[in-house]
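>>> Dropping the sequence and predicted coords here.
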Amino acid sequence: MHHLIPLLVAVPLLGAALLVATGRLLPRIAAEITGFVVSGGTAALAVLLLLDSAPPMVEWVGGWLPVDGESVGILVVGDGPALGMAALASLLTLAALAYSWRYFDEPPSGRTGSFTALMLVFQGAMCGFAVAGDLFNAFVFFELMSVVAYALTGYRIDEAKAVQGALTFGVVNSLGAYALLMGIALLYARTGELAMTEIGRGLDAAAGPGGPDALVLASFVLVLTGLLVKAAAVPFHFWLPDAHAVAPTPVCMLLSGVMVELGAYGVWRVYGTVFAGPGGIPAADLTRALVTLGALTAATGAVMCWYQRHIKRLLAYSTVAHTGLFLVGLGILTPEGDDGVALYLLGHAGVKAALFACAGNLLDRFGSVDEHALHGRARPLRATAVLFAVGALALAGLPPFGTALGKAVTEEAVGGPLTVVYVAASAITAGAVLRVTARVFLGLGPRPEDAEYETSGSDEEPETPGLLRRIPDIMTTVPAVLLAAALAVGVVPGLGALVARSVNEAGSGGAHVSVHWTAHGVLLGVASTALAAALAGLAVTRPRWVAAPDWAAPLRRLQSGHVGDYVAWLLMGATVLGALALPGVLDS
């Protein structure tokens, strides 16, 4: 089975090449069917490999096996987390293609199938990053994923704001990629290796009695910076809301549903295989860095989410907040934390993709994603309203959704004051989504005052040839299936234990961790849901009580839209990472 792992990358790329080569000859329906078959076949292969991933598989692409411990071959890894992320990326790509089935505005002549081809390349790049066993090829797929995401974000090239959002996305993420590449170069200079496990051994072998030195610290900061840019952690996050505001709905489903999560997965993978040994970075330093940045990310994302009226930006900041929760769970460096984050991530992927799909329904039906302008106008969209409300409850951590199970396990692992961060961030972000549900779909509360706002989301161009009179069944079926999948993560017997076993076999030597519902976790999930409902009710009935306070204005102004500002914050974030890791290195 291990010989099939490279096909997770090859099949989507070959499918994309086929669509590009025949794009002028194929009718649109044939191009979309081809993309659907290729994406679905890759997803089926990923799931098949995942079911056979114990013990973990290793494949040297092209048969370039190591000789006397040395190799120039490309290493791919088929353990549970790697194949799980590949399966998640493939299934969400399949869902995004199904959602966009024949609904996109017809492309210009000669470009038939170009969108589908880009989506397939995106899928192949995400799968490649997930299974990459050496740092350089992880970087290659990191860049391929990024370049395709830029093109997809600015797909509607006739709109200036789409081009601006894609440009901001491209500049910030390219700088993150350069940082990642420089970190890889430093590690190669020290160890002469590119395979992650071999780099880790090389660092351990080269470590002196004083532990890691400045070169190891510099490589750690650079590599982590590149991955945290992709994960949209504060203060590397500014590109994410700008990109989500302009990207087509199926692209938003992938950006928030899996690409950002791949950044967090990369942090977990690289630290565990490269920097976790005696020649790497002390565990206390990584904990300090990730927990600090994670808590800051969760708080910033939650506050900014609450004060948005642009629905896609609101959902994007919700992604930022939950990324912070993932980083906190990973930062405590325990098997329980890793297992909780894995389950949380699976549930969140389905929920967030479904919510973006519902936002796309609003855009294509009314030509707006402005919460204020849409007040009461979406009453006829009953199915979308139910899905949006269910998505909000799942985001809050209401049992028995997978988000609730992952959140409960992670909360128990982190314990103490950090539990408050989980309850507050999930409640505030879910409360904002429930507020949108109450105002837009139910028309509850007084109509919000039409105050001047930087990014309202009104007067947007639909992604269909014209405004829809009726939402097609496929555009409500897809989010319904995604929410059902998020529910299945929490209710399918044995699934949580299976995920935990796969994560632990890859990350902690097979340590056994029991994953199950606890009374404490259920109570916290119900509490965060009740708090979310209370916040939404207060916002709808007493809007002046929850209007943006003066102290929040500077935080909003930081999202300036100027790429130079975002670059400055990226450099500051890298400096902060170094400062957080430096004390332990000096002590050692």
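Okay, I see it.
>>> now for the lowest-mean-pLDDT helix or strand in the chain, which elements pack on it?
Lowest by mean pLDDT, DSSP states H and E among the helices and strands of the chain is helix 553-557, with a mean of 72. Judged by 3 or more Cβ pairs under 8 Å, 6 or more residues apart in numbering; DSSP states H and E, helix 553-557 is in contact with helix 283-306. All C-beta atoms are positioned from the backbone trio N, CA, C, and that covers glycine.
>>> Can you give the distance of the helix or strand just after the helix it packs on from its chain's centre?
Per DSSP states H and E, the first helix or strand lying C-terminal to helix 283-306 is helix 311-331. Remark: helix 311-331 is offset 8 Å from the chain centroid, using Cα atoms, centre = their mean, to the nearest Å.
>>> Show me what the helix or strand just after helix 311-331 is packed against.
Per DSSP H and E, helix 311-331 leads on to helix 335-366 as the next helix or strand towards the C-terminus. Here helix 335-366 touches helix 80-99, helix 249-254, helix 260-270, helix 311-331, helix 382-396, helix 402-414, helix 474-491, helix 495-507, going by 3+ Cβ pairs under 8 Å, 6+ apart.
>>> List of residues touching the second one?
So that's helix 249-254. If you take Cβ atoms under 8 Å, 6 or more residues apart in numbering as the criterion, helix 249-254 is touched by 89, 92-93, 95-97, 99-100, 119, 122, 126, 149, 152-153, 155, 244, 312, 315-316, 352-353, 356-357, 359-360, 363, 463.
>>> For that helix, the averaged confidence score.
Per-residue pLDDT values across helix 249-254 average out to 95.
>>> middle-most residue in this protein, spatially?
Nearest to the geometric centre of the chain sits residue 260, at 2.5 Å (Cα atoms, centre = their mean).
>>> which residues touch that residue?
230, 231, 232, 240, 319, 323.
>>> Could you measure from residue 372 over to residue 447?
As for residue 372, its distance to residue 447 is 7 Å (criterion: Cβ to Cβ, to the nearest Å).
>>> So those two - more neighbours on which side?
Neighbour count, other Cβ atoms under 10 Å: between residue 372 and residue 447, residue 372 has more, with 19 against 12.
>>> now that we're looking at the closest residue in space to that one that isn't next to it in sequence, how far away is residue 477 from it?
Take residue 372 and drop its neighbours on the chain: the residue closest to it by Cβ to Cβ, 6 or more residues apart in numbering is residue 448, 4.4 Å away. Plainly put, residue 448 is 32 Å away from residue 477 if you go by Cβ to Cβ.
>>> same thing with residue 88?
Counting by Cβ to Cβ - residue 88 and residue 477 are separated by 20 Å.
>>> So for those two, which sits in the more crowded spot?
Taking neighbours as other Cβ under 10 Å, residue 88 and residue 477 compare with residue 88 leading, 25 against 15.
>>> For that one, give me the pLDDT.
96.
>>> Next up, the contacts around it.
Taking Cβ under 8 Å, 6+ apart as the test, what residue 88 contacts is 258, 261, 346, 349.
>>> ditto for residue 366
Counted by Cβ under 8 Å, 6+ apart, residue 366 has contacts 374, 377, 378, 467.
>>> Please pick the buried ones from these.
Listed as buried from the contacts of residue 366 are 374, 377, 378; burial here means 16 or more other Cβ atoms under 10 Å.
>>> what residues are up against the first one?
Residue 374 is in contact with 362, 366, 368, 439, 440, counting by Cβ under 8 Å, 6+ apart.
>>> would CSV of these with pLDDT and distance to residue 283 be doable?
As requested, these are exported to CSV (pLDDT from 0 to 100; distance: Cβ to Cβ, whole Å):
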residue, pLDDT, distance to residue 283
362, 95, 45
366, 94, 51
368, 92, 49
439, 95, 46
440, 96, 46
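>>> Tell me where the protein is predicted with low confidence.
Flagging of the chain using pLDDT under 70 yields the residue ranges 69-71, 104-112, 208, 210-211, 450-457, 507-513, 545-553, 583-588.
>>> Spatially nearest residue to residue 315, not counting backbone neighbours?
Per Cβ to Cβ, 6+ apart, closest to residue 315 is residue 355, 5.5 Å.
>>> Count the neighbours of that neighbour for me.
Using other Cβ under 10 Å, the number of residues around residue 355 comes to 32.
>>> Then the one 4 residues further on?
Per other Cβ under 10 Å, the neighbour tally for residue 359 reads 25.
>>> My guess is it contacts residue 310. True?
No - when contacts are counted by Cβ atoms under 8 Å, residue 359 is not listed as touching residue 310 (9.7 Å).
>>> any residues in contact with both of the two?
residue 369.
>>> list the contacts for residue 409?
By Cβ under 8 Å, 6+ apart, the contact set of residue 409 is 336, 339, 340, 343, 344, 496, 515, 521.
>>> how much space between it and residue 188?
On the measure of Cβ to Cβ, residue 409 and residue 188 end up 37 Å apart.
>>> Please apply the same query to residue 384.
From residue 384 across to residue 188, the span is 51 Å (Cβ to Cβ).
>>> Kindly report the same for residue 518.
Distance from residue 518 to residue 188, counting by Cβ to Cβ: 45 Å.
>>> can you check residue 482 too?
For residue 482 relative to residue 188 (Cβ to Cβ), the value is 40 Å.
>>> neighbour-wise, which of these two wins?
Remark: of residue 482 and residue 188, residue 482 carries more neighbours, 27 against 16, as counted by other Cβ under 10 Å.
>>> Surely that one and residue 95 touch.
Yes - counting by Cβ under 8 Å, residue 482 does reach residue 95; the two are 6.0 Å apart.
>>> Give me the common contacts of the two.
residue 353.
>>> Check which helix or strand residue 151 maps to.
If you go by DSSP H and E, residue 151 is part of helix 135-153.
>>> can you check residue 230 too?
Using DSSP H and E, residue 230 falls in helix 214-231.
>>> Return that helix as PDB; C-alpha atoms alone will do.
The C-alpha coordinates for helix 214-231 follow below in PDB (Å, rounded to 0.1, in the frame of the first residue of the first chain):
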ATOM      1  CA  ALA A 214      21.900  30.400  18.100                       C
ATOM      2  CA  LEU A 215      21.800  28.700  14.700                       C
ATOM      3  CA  VAL A 216      19.200  26.200  16.000                       C
ATOM      4  CA  LEU A 217      17.200  29.000  17.600                       C
ATOM      5  CA  ALA A 218      17.300  31.000  14.300                       C
ATOM      6  CA  SER A 219      16.200  28.000  12.200                       C
ATOM      7  CA  PHE A 220      13.400  27.300  14.700                       C
ATOM      8  CA  VAL A 221      12.100  30.800  14.600                       C
ATOM      9  CA  LEU A 222      12.200  31.000  10.800                       C
ATOM     10  CA  VAL A 223      10.500  27.700  10.200                       C
ATOM     11  CA  LEU A 224       7.800  28.400  12.800                       C
ATOM     12  CA  THR A 225       7.200  31.800  11.400                       C
ATOM     13  CA  GLY A 226       6.500  30.400   7.900                       C
ATOM     14  CA  LEU A 227       4.100  27.800   9.400                       C
ATOM     15  CA  LEU A 228       2.300  30.300  11.700                       C
ATOM     16  CA  VAL A 229       1.800  32.700   8.700                       C
ATOM     17  CA  LYS A 230      -0.100  29.900   7.000                       C
ATOM     18  CA  ALA A 231      -2.000  29.100  10.200                       C
END
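>>> before we move on, back to that, so can I have TSV of the contacts of residue 260 showing distance to residue 559?
Supplementary listing: those in TSV, determined by distance: Cβ to Cβ, whole Å:
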residue	distance to residue 559
230	19
231	18
232	12
240	10
319	14
323	16
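>>> need the contact list for residue 264.
Residue 264 makes contact with 231, 323, 326, 327, 330, 341, 345, according to Cβ under 8 Å, 6+ apart.
>>> Enumerate every residue touching the fourth one.
I take that to be residue 327. Going by Cβ under 8 Å, 6+ apart, the list of residues near residue 327 reads 231, 233, 264, 267, 290, 291, 293, 294, 297.
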